[in-house]
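**Student:** What would the 3D arrangement of this be:
(4 chains)
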2 protein chains.
Amino acid sequence: MSKSPVSGRALTKNKILDAAEELFAEHGFAETSLREITAKAEVNLASVNYHFGSKKSLIESVFDRFMESFTNQLMTEMAELDRGGEKVTVTAVLNTLVNPLIKIDDIRPNGSSVFMKLLGKAYAETQGHIRRFAMDRYSHVLARFTRLLHKASPDVKPSEMFWRLHFMLGAFIFTLAGHEALQEISESDFAQKVSVKEIISKLIPFLAAGFSTNEIPHNYLSAGEA
Amino acid sequence: MSKSPVSGRALTKNKILDAAEELFAEHGFAETSLREITAKAEVNLASVNYHFGSKKSLIESVFDRFMESFTNQLMTEMAELDRGGEKVTVTAVLNTLVNPLIKIDDIRPNGSSVFMKLLGKAYAETQGHIRRFAMDRYSHVLARFTRLLHKASPDVKPSEMFWRLHFMLGAFIFTLAGHEALQEISESDFAQKVSVKEIISKLIPFLAAGFSTNEIPHNYLSAGEA
DNA sequence: CATAAAATTAAACAACTGTTTGAAACATAC
DNA sequence: GTATGTTTCAAACAGTTGTTTAATTTTATG
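**Tutor:** Residues are numbered from 1 along each chain as shown, chains lettered A, B, ... in the order given. Okay, the predicted model is just below:
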């Protein structure tokens, strides 16, 4: 009813988003105050509530901006794989994630890093209920991804697919959300600098092998019970 | 110099720890106030600072109580596997985690669930730097675990081992930290109730297969660059 | 019992939180 | 120009935060 600026550049709004996403990724949502955000953005404190209504909806806006960019790119990649000549393997499906992720760096420096840190924080703070939220809001993306995985592994049952998909998601987000700490440890303990791209190139074969295992779960837990 | 009660039961201290760990796991550290904790524990507000000094050190104490129990059990399990007749496979090594985890339920209801949720929160809030902290404080446990993995897979280089170990850790913690959300989704979407034990029995083959992949990482990222 | 140490309590502290207000500044249209 | 709607601003709001204080009660020790 009175949202979009008539012809202005919505500069303040973007400055807030820029500052917020960085601080949120670095320190978490609850640990970042609006005053820190507005100070970094060099705007007035009240402008957050003016432009976004509340802190909660600012958080959602920060997310939306990332997700819109990411999911659009991902849909394109998946469409390309689906129609293209390349054989649809699990590895190929996982690889559709890579370009959309690192493309975020084109928009802003360290974008993919910020994005993954943000995702990690969001999952933890909402007790994983952001899973449901994201699955609802981007159900079409997830459905397409799942369909491709099914194409690559037709024998995996839907319910089994669900679990393996979320195992992959877990390793992916968790690893990349904490990639800076891992990079530091790798450098100090093995004298090896490892870029995010290299981490991903190690991670994807790991995930693909995990997904493709056809081992029947044994009764691991039957022994040693009181 | 004046810490341990001379003969008393340290009841207040434990009541605080019990209440804190539950609230921390449910809502996060920053989102839980000392007043909520002391209200739930039915103790005076000031007793937190009296017994623990600060909120920060209360958080650490909550962690220590879990980790001490867990790592002790784990060390026993690993020692058993290491000396015992059973062949040391990656799956067997991963299985040493299971009993120490579910044994926490004996100490208090839903203990393992609380523990995993706590771990997930801690990793996110500290940007993964709890990794370094945990790796320092429990380096002997991690070293033993790594040694067993090496015994199961002698061909994997230490630096490669490091990454695969943390991929496994990521999938493990991330999945179990959000297991309640996953259980809900599984039940609503597939009409399947899946217990934590069952999740773990699906997860371990996944991790083992991922760890044991000998695929050489290709240059996934060379194509499609601007 | 007397004494000293330990533990609990209600109250207050200063700092910080997200949000609201009403006036000022700005831009745009007539 | 005036009028209109949008955006910015400093200030204040009411509420919550972790922590400290000083008095009191409880517990243990001689």
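**Student:** Please count neighbours and contacts with C-alpha atoms only from this point.
**Tutor:** OK.
**Student:** longest single helix anywhere in chain A?
**Tutor:** helix A:55-83 (DSSP state H).
**Student:** And it, how far out from the chain middle?
**Tutor:** Between the centre of helix A:55-83 and the centre of its chain there are 9 Å (C-alpha atoms, centre = their mean, to the nearest Å).
**Student:** right, is whatever helix or strand comes next after it up against chain B?
**Tutor:** Counting by DSSP states H and E, the next helix or strand C-terminal to helix A:55-83 is helix A:90-95. Yes. Using C-alpha under 8 Å from any C-alpha of the partner chain, we find that helix A:90-95 touches chain B at A:Asn95.
**Student:** Let's see helix A:90-95 as CSV, backbone CA atoms only.
**Tutor:** Extracted in CSV, the C-alpha atoms of helix A:90-95 (Å, rounded to 0.1, in the frame of the first residue of the first chain):
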residue,chain,number,x,y,z
VAL,A,90,24.3,-38.1,-7.8
THR,A,91,27.6,-36.3,-8.1
ALA,A,92,26.2,-34.2,-11.0
VAL,A,93,23.1,-33.3,-9.0
LEU,A,94,25.2,-32.2,-6.1
ASN,A,95,27.4,-30.2,-8.4
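**Student:** Summarise which helices and strands it is packed against.
**Tutor:** helix A:55-83, helix A:139-152, helix A:196-211 (3 or more C-alpha pairs under 8 Å, 6 or more residues apart in numbering or on different chains; DSSP states H and E).
**Student:** Give me the contacts around the helix or strand that comes right after it.
**Tutor:** Remark: after helix A:90-95, the chain's next helix or strand is helix A:98-107, criterion DSSP H and E. Here helix A:98-107 makes contact (C-alpha atoms under 8 Å, 6 or more residues apart in numbering or on different chains) with A:Ser69, A:Phe70, A:Thr71, A:Gln73, A:Leu74, A:Glu77, A:Asn110, A:Gly111, A:Ser112, A:Ile200, B:Leu221, B:Gly224.
**Student:** need the helix or strand of chain A with the lowest average pLDDT.
**Tutor:** Ranked by mean pLDDT, DSSP states H and E, the weakest helix or strand in chain A is helix A:129-137, scoring a mean of 74.
**Student:** can I see the domain layout of chain A?
**Tutor:** Domain assignment for chain A by automatic domain parsing gives A:10-53, A:56-211.
**Student:** Which of those domains has the lowest mean pLDDT?
**Tutor:** Per-stretch mean pLDDT for the domains of chain A is lowest at domain A:56-211 (a mean of 91).
**Student:** touching DNA strand D at all, it?
**Tutor:** No. Using C-alpha under 7 Å from any atom of the strand, domain A:56-211 stays clear of DNA strand D, with a minimum separation of 14.5 Å.
**Student:** number of nearby residues for A:Leu176?
**Tutor:** 27 (other C-alpha atoms under 10 Å in any protein chain shown).
**Student:** ok, the residue nearest to it when sequence neighbours are not counted - contacts?
**Tutor:** Using C-alpha to C-alpha, 6 or more residues apart in numbering or on different chains and skipping the chain neighbours, the partner closest in space to A:Leu176 is A:Met116 (5.9 Å). Contacts for A:Met116 were tallied using C-alpha under 8 Å, 6+ apart; they are A:Ile173, A:Leu176, A:Ala177.
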